[in-house]
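> Fold the following for me, if possible:
(one chain, ligands or ions: 1)
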Amino acid sequence: MPSSPTHPVITGFANVPDFAKGKVRDLRIRWAMEEIGKPYSTELFDAMAERPANYREWQPFGQVPAFDDGGLRIFESGAILLYLGEQDERLLPSDKQERWQAISWLIAALNSIEPVLMQIVSLDLFHAGQDWTAGARKAAVNLAEMRLTSLSNALGDRDWLTSRFSIADIAMVTVLRNIQHTDMLDAFPVIAAYSERGEARDAFIKAQAAQFADFEKAAESTVA
Ligand SMILES: N[C@@H](CCC(=O)N[C@@H](CS)C(=O)NCC(=O)O)C(=O)O
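Numbering: from 1, shown residues only. Reported below is the predicted structural model:
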């Protein structure tokens, strides 16, 4: 539901390599905004160029996403999700135990699962074809499989990480997308079904379409 600059602003990229489309982390924030029906605007940067110097006052690492809600500025996708969760119970339950369970899973997605999966992304995509990656990949896959086994056991027969959908699932489902270029989830049917469930949500579909639409718009304006 992208809209005018009077709405909260999410930063993202105008152009990324094909393998990164649908994976750039602004997708998490777009998804959360769609879940609660909140319009937003985007500010897009050229991924291959230096960010504007003053952007680092907003996002110290020059990364996306960052978020501006009427002058209130936040960086880190997890922090932005927490901010949105604080505003709407559809994203984060108010019951104390459920809330902290969801926050625990949000941090687990970003801190226990994402770094492990990003090692595989780094070896397969960012350093593709470099001869040192073969040995390193085996160790990275072993560690990832250990974590995925734990995640699968924790999910069990539940639909979501906690008793209902929350920002924890937005984080986890988008994190898991990073290994879509592999067949690793074939061995984890519980996680594969969980990912599919998340990606089948209307809000996810709209968010992903909006990210792709922004890439296309930027490509058209480059050609024109
Ligand atoms: N921990 C940060 C990671 C952000 C991040 O890695 N963003 C990527 C795009 S998905 C980026 O901006 N990469 C370019 C760079 O690191 O310079 C978050 O979750 O917001």
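
> Where does pLDDT dip in the chain?
2-5, 223-224 (pLDDT under 70).

> list the contacts for the closest residue to Gly70 other than its chain neighbours?
Nearest in space to Gly70, with sequence neighbours left out and distances taken as C-beta to C-beta, 6 or more residues apart in numbering, is Pro8 at 7.4 Å. Every residue, glycine included, has its C-beta placed from N, CA and C. With contact set as C-beta atoms under 8 Å, 6 or more residues apart in numbering, Pro8 has these partners: 33, 38, 40-41, 67-70.

> interface residues of the chain facing the ligand?
24-25, 62-65, 76-77 (C-beta under 6 Å from any ligand atom).

> for Thr11, phi and psi?
Here is the backbone geometry of Thr11 (degrees, to the nearest 10): phi -90, psi 150.

> Need the phi and psi values for Pro8.
According to degrees, to the nearest 10, Pro8 has phi -50, psi 150.

> All the helices of this structure, residue numbers only.
Using DSSP state H, the helices of the chain run over 26-35, 77-87, 96-108, 114-121, 133-155, 167-176, 189-199, 202-223.

> what comes up buried for the longest one?
The reference is to helix 133-155. Buried residues in helix 133-155, counting neighbours by 16 or more other C-beta atoms under 10 Å, are found at 137, 140-141, 144, 147-148, 151-152, 155.

> Residues in contact with it: which ones?
Here helix 133-155 has contacts from 112-113, 116-117, 119-120, 123-124, 127, 161, 172, 179, 184-185, 187-188, 190-191, 194, using C-beta under 8 Å, 6+ apart.

> The second one too?
Helix 77-87 is contacted from outside by 25-26, 28-29, 32-33, 36, 65-67, 69, 74, 91-92, 102-103, 106-107, 110, 166-167, 170-171, using C-beta under 8 Å, 6+ apart.

> Give me the buried entries from those residues.
Buried members of the contacts of helix 77-87, counted by 16+ other C-beta under 10 Å: 25-26, 28-29, 32-33, 65-67, 69, 74, 91-92, 102-103, 106, 110, 166-167, 170-171.

> tally of neighbours for the nearest residue to Ala168 once chain neighbours are set aside?
Counting by C-beta to C-beta, 6+ apart, Ala168 lies nearest to Trp105, which is 3.6 Å off, once chain neighbours are set aside. Trp105: 23 surrounding residues under other C-beta atoms under 10 Å.

> in terms of contact, does Trp105 touch Ser163 like I think?
No: between Trp105 and Ser163 there is no contact under C-beta atoms under 8 Å: 11.4 Å.

> Got a ChimeraX select line for the buried ones in the contacts of helix 133-155?
With 16+ other C-beta under 10 Å as the criterion, this ChimeraX line picks the buried residues out of those:
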select :113,116,117,119,120,123,124,161,172,179,184,185,188,190,191,194
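
> No further queries at this time; thank you.
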